[in-house]
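>>> Provide a 3D model corresponding to the input given below.
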Amino acid sequence: MLLAGVVSLVGLGLEDLPQLAPTRVSVSASFPAAGPEVVEQSVTAVLENQLSDLDGLESMTSNSRQGGASLSLRFEAGDPELNVIKVQNEVNLASRRLPQAVTRQGLNVNRSTNDLLLILGFSAPPGLYEPIFIGGWLDQQLSEGLRTTPGVGDIRVFGSSELAYRLWLDPSRLEQFNLSTNDITNALADQNVLAAVGNLGEAPAPAGQLFSLPVDAEGRLRSQADFEAMVVKRTDNGGLVRLKDVGRVELGQRSYGSSALNLQGQSSVAVGIFQRDGSNALEVSRAVRDRLKSLESSFPPGLDVQVIVDVAETVQANLDRTRDTLRDAVLLVLLVLVLFLGRWRLALIPGLAVPVALIGSLVVVRLSGSNLNSLILFGLVLATGIVVDDAIVVSEDIAGRIERGEEPKGAAEDAMAELAGAVLATSLVLAAVFLPVLLIPGSIGRLYQPIALAISGAILFSTFNALTFTPMACARVLGQGDGRLPGPLRLISRRLQSGMARLQCLYARMLAVWLTRGRTVIALVLAGLMLTGIGLSTIPTSFIPNEDQGQVRGYFTLPEGASLERTEAVMERIREVVAEEPLIRSGNFYAGSSFGQSGEDTGSFYLRLTPMKERLGRQNSSEAVKQRLNSELRRRITDAQVIVTTPPTVRGFSSESGLQMELLDRSRGQLSLQDFETQAQQFILAAQNSGQFQRVSTRFDASSPRWLLELDRSQMAALDLPVGPTLRDIGTAIGGRFIDDTFAGGEIRSIYLQLEGTDRSTPGDLTSLMVRNRSGDLVSVANVARLKRDSGANRITHYNQNRSISITAVTADGISSGQAIDLLQSISDQTGGNNLGLAFTGLAREETRAESVSWVLFGLGVTVVYLLLAGLYESFVDPLIILLTVPMALLGALIGLKLRGLTLDVFAQMGLLVLVSLAAKNGILIVEFANQRLKQGVALTDAIEEAALNRMRPILLTAVTSLAGFLPLLLATGTGSASRISIGTVVFSGLLVSTLLSLFIVPATYLLFKRWRGVDAASPELDS
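Have a look, this model is predicted:
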């Protein structure tokens, strides 16, 4: 068993959590210069209609913004790669109905998480390199190398962009030469071509042809000089007008709407690396770092790279702490065995069950196809205190028989004849309670199943060990000397043995009283059951506790329409505030990009904290850092909204912590965007006024300032100006236009055409543009159009094809996410009417699904255990007696949660499921022994009293070893401690209470129920 476990361990991968988030496939489309409503109608709606009927699609969100659209599709089931292919096929079908400007840019379909795995910051001393140089080097030398790293899903560059040829036009020179932007566009299309000429001398050829050679034509413009020399017009007198005569050419950036700084205030270019959906974070991070190290020799001199964020650091720290918890649990269990059993030989036998069961369980993990993750390690920690139980019961009984004079081999045989049934029953119960877990689909199942798998596997091997190795070892070892402990340990052990003897005497006296108080015990059980029900209905619930992940992040928003220059000024002031926080290790700040959204009036930042071991104390936690930064930034930054948050505990669902939801417009077009926003603000105000939240906010704005170009269509018709080409000309001049690609320097380079920045900064610049009519004459835009101030949505989001507004809510201290979800749903019902709906997304959605699943799971677990016991004992009464202590265990767990101020999260709920089997185990030991004595003709009262007294010591000993194994969970610190504390509190407090009460409740109810059934020694029970 050990060998098989070791072999399995070698082949297991290592990860923090299994893939909990559904498979995510993203689709992005670029539509330069188009506004959100245009993008929504011409791009987003087309794609959504095509994609909505995909098999296995769980949800679909979209974001229509200035210049493009993005869609995110989540699939609950199915092969992830096949899902990508299905999406790609549907996008290809939809592309025929998309605007040409979109299809020419291409649509991108990929499979990745929506959360960053790594952020690498590249910077140089002031004056050495400009961001455009760093960005160009990244584009040419590094990005592709990182993009092809196994497990990397996507790479995004912040603070720069891909290199592209930018053709900047001068409108006064265009007018001087009687040219329009469309003329330049046509000249480029005509002169930047990729043509195949063919072979000179190709067959059929005349006789005597000696060569057939291909002919290459230089159709592409490949350099800045080529573009500058391009002829755009021939004048009447035969002169040539070249591109350099009406503008300038540079190898610049594809876009200029972003910039970045590092924590020291240096200009920076950052590379964000997104993990491929389903890949291993540790392996991807290691591979990226190795690839980066191999490329360092090619870095430009003086260029520095800094790791800003690496999620794998937190993952590794969590695994290390969980591994340490497992180690501590094993050592504590072994120490308890030695001290309470008093002899190292006797302690060694059940002690061997720990490595055998834990390492052997890895065979089950390997066969299931899982990796070794923190949830499996959780299960192994819980199993540490459980797997020794059967071995303790067997070895203690055999040792007692040997002490009473029996021969070792006979003692082992007699003990197994008496105990085999109880050992098998307790093991089946421990494993059976997890059977329903294997049937749960989705992320909830993926969360529970590793823990259940680890515990069940460990129990399987420990049972086999208790039924085979343990009696054999006792027969051979216990008869060979006493195996006394060294002096100090022997002294402690003797005192414990003495205390146990006194406790057994006290228990005998108390038991005699309790056996005469059967109805009082039933009343106590009913009271406990009622209190448990009240506790379950009143204790706050949540999904997964927030963990300190060693980083904080934030975003900032200026008034709509603010320029990039203003945003950069605010970014610098935010950096100065953040730099004063001593716990910040590194960071990067971005203007123009914010948590998946883009715009010149927004920005974001990512901050890496010092290691957890250097941040001991609640005042140094990431939550405390977040609160300090929020307070200071609110005080010192008054011209922008700045929000600092922490990353969610589970990656792949959202980019920030808190409750995410979508307010849905179900009016089918009756609500305008402005009316929709008004209702959303009413919802937000009601939630904020409830006092249950620190913050409830949205980034949606239906009144974003803008200009509206009003066309005089009659005048346009009179001047013979076509509407479509005119608007395209204006769009090219003001917003820029992708013209074509070329191939230069071994790379594909895009070509963009646009006016110089100084010629498109005021309303007059637009209306003074010249456009060509059908007769070939130039007409001023001022003659056919006028600009007026207007407002509109900054972005338009959809959720499952409904217009939606994304809202984030952060609960106040002492308010659980479960309470907040109930309140938000109530507010939505009160304020929304028939026009609005509320859909929780991210982890909030998973919590709403988990709440119902958890209690169904618990009910099924208890039912399975009851039916199994009923089959084993051929009785419907004995299982009821055994399970009467379960409510007491739950009550003890709830008391523990209440005293520590914890919520009933999924880890606590899993702990409750474990308690069902642990509470039943004690009852099985007593009931099994009592039934055997009844069959041997012992009187009912004597049988149950003897059973209780005989099993009191092994019950207490197994409980103490289990509690010792749970203690490291209860007292956990460091990374990932919140989850360990949650499950540790439940199993520790629940087992403590149920063990103490089961010693009285089980004997008393056994006696009472058997008397009600008329059972005595002469009439063994044969219930049906």
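
>>> you'd agree residue 302 is in a strand?
No. Using DSSP: H, G, I helix; E, B strand; the rest coil, the secondary structure at residue 302 is coil, not a strand.

>>> quick one: it from residue 133, how far?
Distance of residue 302 to residue 133, computed by Cβ to Cβ, to the nearest Å: 11 Å. To be clear about C-beta, it is placed using only N, CA and C from the backbone, and glycine gets the same treatment.

>>> which one of these two is surrounded by more residues?
Neighbour count, other Cβ atoms under 10 Å: between residue 302 and residue 133, residue 133 has more, with 15 against 10.

>>> name the element that one belongs to?
Taking DSSP states H and E as the definition, residue 133 sits inside helix 131-137.

>>> next secondary structure element downstream of that helix?
The C-terminal neighbour of helix 131-137 among helices and strands, as given by DSSP H and E, is helix 143-147.

>>> buried ones in that following helix?
Under the neighbour-count criterion of 16 or more other Cβ atoms under 10 Å, helix 143-147 has 143, 146 buried.

>>> cool, stretch 86-100 as well?
86-87, 90-91, 94-95, 98-99.

>>> could I get those in JSON lines, plus columns for secondary structure?
Compiled in JSON lines, the buried residues of stretch 86-100 are given as follows (three-state DSSP):
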{"residue": "86", "secondary structure": "helix"}
{"residue": "87", "secondary structure": "helix"}
{"residue": "90", "secondary structure": "helix"}
{"residue": "91", "secondary structure": "helix"}
{"residue": "94", "secondary structure": "helix"}
{"residue": "95", "secondary structure": "helix"}
{"residue": "98", "secondary structure": "coil"}
{"residue": "99", "secondary structure": "coil"}
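
>>> model confidence for residue 858, exactly?
According to the prediction, residue 858 has pLDDT 81.

>>> and it, how many neighbours?
By the measure other Cβ under 10 Å, the count of residues near residue 858 is 19.

>>> so it sits in a strand?
No. Residue 858: not assigned to a strand; according to three-state DSSP it is helix.

>>> does it touch residue 912 like I think?
Yes. Counting by Cβ atoms under 8 Å, residue 858 touches residue 912, with 6.3 Å between them.

>>> who's in contact with stretch 643-650?
17, 20-21, 115, 311, 544-547, 549, 551-556, 622-623, 626, 629-630, 633, 654-658, 695, 697, 810, 842-843 (Cβ atoms under 8 Å, 6 or more residues apart in numbering).

>>> and it, how far out from the chain middle?
11 Å (Cα atoms, centre = their mean, to the nearest Å).

>>> average model confidence for it?
86.

>>> what's the span of that stretch, first residue to last?
Its start and end residues considered, stretch 643-650 measures 20 Å (Cα to Cα, to the nearest Å).

>>> show me how the protein divides into domains.
Residue ranges for the domains of the chain, per automatic domain parsing: 22-112, 165-193+220-253+704-792, 551-584+604-703+795-842.

>>> could these be laid out in JSON lines, adding distance to residue 939?
Output for the domains of the chain, formatted as JSON lines (distance: least, Cβ to Cβ, whole Å):
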{"stretch": "domain 22-112", "distance to residue 939": "59"}
{"stretch": "domain 165-193+220-253+704-792", "distance to residue 939": "87"}
{"stretch": "domain 551-584+604-703+795-842", "distance to residue 939": "52"}
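
>>> of all those domains, which lies closest to residue 958?
domain 551-584+604-703+795-842 (33.5 Å; Cβ to Cβ).

>>> how far does that closest one stretch from start to finish?
End-to-end span of domain 551-584+604-703+795-842 (Cα to Cα): 20 Å.

>>> next: stretch 131-151.
Chord length of stretch 131-151, first to last residue, is 28 Å (Cα to Cα).

>>> just stretch 734-749 next, same as before
One end of stretch 734-749 to the other measures 21 Å (Cα to Cα).

>>> show residues contacting that stretch.
With Cβ under 8 Å, 6+ apart as the test, stretch 734-749 has contacts from 30, 32-33, 67, 101, 104-105, 139-140, 163-165, 167, 185, 188-189, 192, 220-223, 251, 728, 731, 750-755, 760, 766.

>>> from the buried residues of stretch 86-100, which is closest to residue 877?
Distance to residue 877, by Cβ to Cβ, is smallest for residue 86 among the buried residues of stretch 86-100, at 55.5 Å.

>>> distance check, the closest residue to that closest one other than its chain neighbours against residue 899.
Spatial nearest neighbour of residue 86, excluding adjacent residues (Cβ to Cβ, 6 or more residues apart in numbering): residue 54 at 5.8 Å. Separation of residue 54 from residue 899 (Cβ to Cβ): 49 Å.

>>> neighbour count: the two, which is higher?
residue 54 (17 against 10).

>>> does the more buried one count as helix, strand or coil?
Residue 54 - assigned by three-state DSSP - is coil.
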